[in-house]
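# structure, please.
(one chain, ligands or ions: 1)
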Amino acid sequence: VKHSGYLELPRIVDERDGALCIAEFGRQLPFEPRRLYYITNLESGSSIRGKHAHRKLRQVIFCLSGCFTLSLDDGRNKQDILMWRDNVGVILGPGLWHTMHSFSGGCVLLVLADDYYDESDYIRDYDGFLKWVGERK
Ligand code: T46
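From the prediction side, this is the model:
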């Protein structure tokens, strides 16, 4: 799928319990984030989130705990990604219809975004998304 890719962060594990994952802005990350948000309180089988595309926003999404499925659609190709590694994020470029679903209980998502929240950047209607993709070419 166009406009997506993986981002693997350093993950440090030693004789203690715990894994320490690191993202240095300007180093590992492909952009300087302006916003961080996280989604908590997910229950097993929680409903579908996402169901939109962004016109400009770039993001990286991580699953810090538990697992969920990230479904991507660039208007031509679709891909399902099982998210479970705490140090491997998916880069979500603009023009990608994405949904998050099939959450495990206790799943926690972390997202870094390259800009502030702006509702006008969202395309929340799938037919509108396909039309936008067609006009963009
Ligand atoms: C995305 C996926 C991965 C704000 O006011 N500020 C914010 O920074 C965000 C992220 C959301 N909101 C408001 C907008 C809605 O009224 O919170 C409400 C729920 O947002 P939304 O339905 O867009 O949530 P998700 O989980 O479907 O999508 C979120 C992000 O909004 C979106 O950009 O790519 O996570």
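# dump stretch 21-31 to CSV, restricted to CA.
Output of stretch 21-31 as CSV, limited to C-alpha atoms (Å, rounded to 0.1, in the frame of the first residue of the first chain):
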residue,chain,number,x,y,z
CYS,A,21,11.9,1.6,23.3
ILE,A,22,13.3,4.9,22.1
ALA,A,23,12.3,7.4,19.4
GLU,A,24,14.6,10.4,19.0
PHE,A,25,13.0,13.2,17.0
GLY,A,26,15.2,14.1,14.0
ARG,A,27,16.8,10.6,14.2
GLN,A,28,14.6,7.6,14.2
LEU,A,29,11.4,9.5,13.3
PRO,A,30,10.7,10.6,9.7
PHE,A,31,9.3,13.9,10.9
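# helix or strand for the residue lying farthest from the centre of the chain, which one?
The C-alpha centroid of the chain is most remote from residue 15, which lies 30.8 Å away (C-alpha atoms, centre = their mean). Using DSSP states H and E, residue 15 sits in no helix or strand.
# give me phi/psi at it?
Backbone torsions of residue 15, given as degrees, to the nearest 10, read phi -70, psi -10.
# would you mind listing what in this protein touches the ligand?
Within the chain, the residues that sit near the ligand (C-beta under 6 Å from any ligand atom) are 35, 37, 39, 49, 50, 59, 61, 111, 117. Where you see a C-beta, it was placed from the backbone N, CA and C, and this is true even at glycine.
# pipe these into TSV and attach secondary structure and neighbour count per row.
Putting the residues of the chain next to the ligand into TSV (DSSP: H, G, I helix; E, B strand; the rest coil; neighbours: other C-beta atoms under 10 Å) gives the following:
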residue	secondary structure	neighbour count
35	strand	13
37	strand	11
39	strand	17
49	strand	15
50	strand	17
59	strand	22
61	strand	23
111	strand	16
117	coil	11
